[in-house]
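Trainee: Test case, fold it:
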Amino acid sequence: MKLLSSWFLATRPWSFTMTVISVSVGSVLGALEGPFSWSLYLLTATGVVFMHAGTNLLNDYYDTKYGVDTASAATTQYRPHPLVHGFLSARQVRLGSYVLFGVATAIGLYLTSVSGWMVLYIGLIGTLAGIGYTAPPMKYKYIAMGEVSVFLMWGPLMVEGAYYVQRHSLSFEALLISIPFGVLVALVLFANNIRDIEHDRSRNIRTIAIALGSRAGIHAYLAIMVLAYLSTLIIIVSRVLTPWGLLVFCSLPLAIKLLRRMEAGVPPDADAQTAKLDTAFGVLLVAALVIQRFLG
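Mentor: Sure thing, here's the model as predicted:
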């Protein structure tokens, strides 16, 4: 039981909400255009969560290997780290990551057989992005490409992929609606990188936050937050999303509170705090789409 608990915590299960939300947005958008398959939805969510879990393990493995994650790093102060805290070995973490990617691949191949080849192409992109995040030769997390990748993966890629599984086609509307949520998922990583500016600089890591500096980074944090809400408003005004989409603005008080907290001093759990906003926004977006399906 203790071993299972260790593995579960090592995958960072609290981060899976953003993955489930992305898949849910795409799936419900698909349901607006035709019948909805619960089995395909659950398989899609499971496969993408397994891929996300594998990416998290591999990230911890390489961050520890390259000396980024240490006992003094902020990320190890508020969450259990499988290697820094020593409840799993490096070999176990790396092998576990590949097992999770393997399960995700098996699910992806099944979805390809029932929904079409586009699922395979999207899955390959996601797998390469997940492994290449910190693994050589790409290691693009360390060259200021993390936020771009996170936006693309949790925004257009997952939403379009989930939509495709339901409808066997791509959707320009799904692409547009994926933008606000993808932006906020990228903001979670950006918050993490603002907090870690000095630590990352000492490890010769390049991030957008380091290039901007702390003060400009907070301004950019605000701009990205505004972009998420502004793009939602534009999508509603353009009639891509019905006025039910205004529900996401119920998360604004949380956004304002979070911004004030960041301006007062970047907290150790800046990424986790930002993820709360991301989750609230995403749940409200899914709710808006569900209401749209049943009430129009």
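
Trainee: give the contact list for Gly217.
Mentor: Counting by C-beta atoms under 8 Å, 6 or more residues apart in numbering, Gly217 touches 190, 193-194, 197, 208-209. Heads up, the C-betas are built off the backbone N, CA and C, glycines and all.

Trainee: repeat that with 7 Å
Mentor: Residues in contact with Gly217, defined by C-beta atoms under 7 Å, 6 or more residues apart in numbering, are 194, 209.

Trainee: Repeat that for the one 4 residues further on.
Mentor: For Tyr221, the contacting residues are 187, 190-191, 194, 262, taking C-beta under 7 Å, 6+ apart as the criterion.

Trainee: Closest one of those residues to Trp154?
Mentor: Using C-beta to C-beta, Leu187 comes nearest to Trp154 of the contacts of Tyr221, at 10.9 Å.

Trainee: out of everything not next to it in sequence, what's closest to the closest one?
Mentor: For Leu187, the nearest residue in space outside its immediate sequence neighbours is Ile224; the separation is 5.0 Å by C-beta to C-beta, 6 or more residues apart in numbering.

Trainee: Next, count neighbours for the one you found.
Mentor: By other C-beta atoms under 10 Å, the residues close to Ile224 number 18.

Trainee: cool, the one 5 residues further on as well?
Mentor: Here the neighbour count serves as a burial measure; for Tyr229 (other C-beta under 10 Å) it reads 18.

Trainee: what do you get for Gln273?
Mentor: Counted with other C-beta under 10 Å, residues neighbouring Gln273 total 19.

Trainee: following the worst-scoring helix or strand of the chain on mean pLDDT, which helix or strand shows up next?
Mentor: Least confident helix or strand of the chain, by mean pLDDT, DSSP states H and E, is helix 75-78 with a mean of 82. For helix 75-78, the following helix or strand on the C-terminal side (DSSP states H and E) is helix 90-115.

Trainee: Distance from the chain centre to that next one, please.
Mentor: Relative to its chain's centre, helix 90-115 lies at 18 Å (C-alpha atoms, centre = their mean, to the nearest Å).

Trainee: now that helix: mean pLDDT?
Mentor: The average pLDDT for helix 90-115 rounds to 97.

Trainee: Please point out which parts of stretch 145-152 sit buried.
Mentor: For stretch 145-152, burial by neighbour count (16 or more other C-beta atoms under 10 Å) applies to 145-147, 149-152.

Trainee: What of stretch 124-142?
Mentor: Across stretch 124-142, burial judged by 16+ other C-beta under 10 Å covers 126-127, 129-135, 138, 140-142.

Trainee: Redo the residues you listed as CSV? Include distance to Val28, pLDDT and secondary structure.
Mentor: Rendered in CSV, the data for the buried residues of stretch 124-142 read as follows (distance: C-beta to C-beta, whole Å; pLDDT from 0 to 100; DSSP: H, G, I helix; E, B strand; the rest coil):
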residue, distance to Val28, pLDDT, secondary structure
Gly126, 20, 96, helix
Thr127, 25, 96, helix
Ala129, 24, 97, helix
Gly130, 24, 96, helix
Ile131, 29, 96, helix
Gly132, 30, 96, helix
Tyr133, 28, 96, coil
Thr134, 32, 95, coil
Ala135, 33, 95, coil
Met138, 33, 93, coil
Tyr140, 31, 96, helix
Lys141, 31, 95, helix
Tyr142, 36, 95, helix
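
Trainee: now those residues in TSV, with distance to Leu289?
Mentor: What follows is those, written out as TSV (distance: C-beta to C-beta, whole Å):
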residue	distance to Leu289
Gly126	22
Thr127	27
Ala129	25
Gly130	26
Ile131	31
Gly132	31
Tyr133	29
Thr134	33
Ala135	35
Met138	34
Tyr140	32
Lys141	31
Tyr142	36
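
Trainee: nearest to Thr76, of these?
Mentor: Of all the buried residues of stretch 124-142, the one sitting nearest Thr76 is Thr134; the distance, using C-beta to C-beta, is 15.8 Å.

Trainee: quick one: the closest one and Tyr140 touch, right?
Mentor: No: no contact is recorded between Thr134 and Tyr140 when judged using C-beta atoms under 7 Å, the distance being 8.5 Å.

Trainee: Can you flag the buried ones in the contacts of Tyr221?
Mentor: If you count burial by 16+ other C-beta under 10 Å, the buried members of these come out as 187, 190-191, 194, 262.

Trainee: Quick check: Leu170 is in a strand.
Mentor: No: counting by DSSP: H, G, I helix; E, B strand; the rest coil, Leu170 is not part of a strand but coil.
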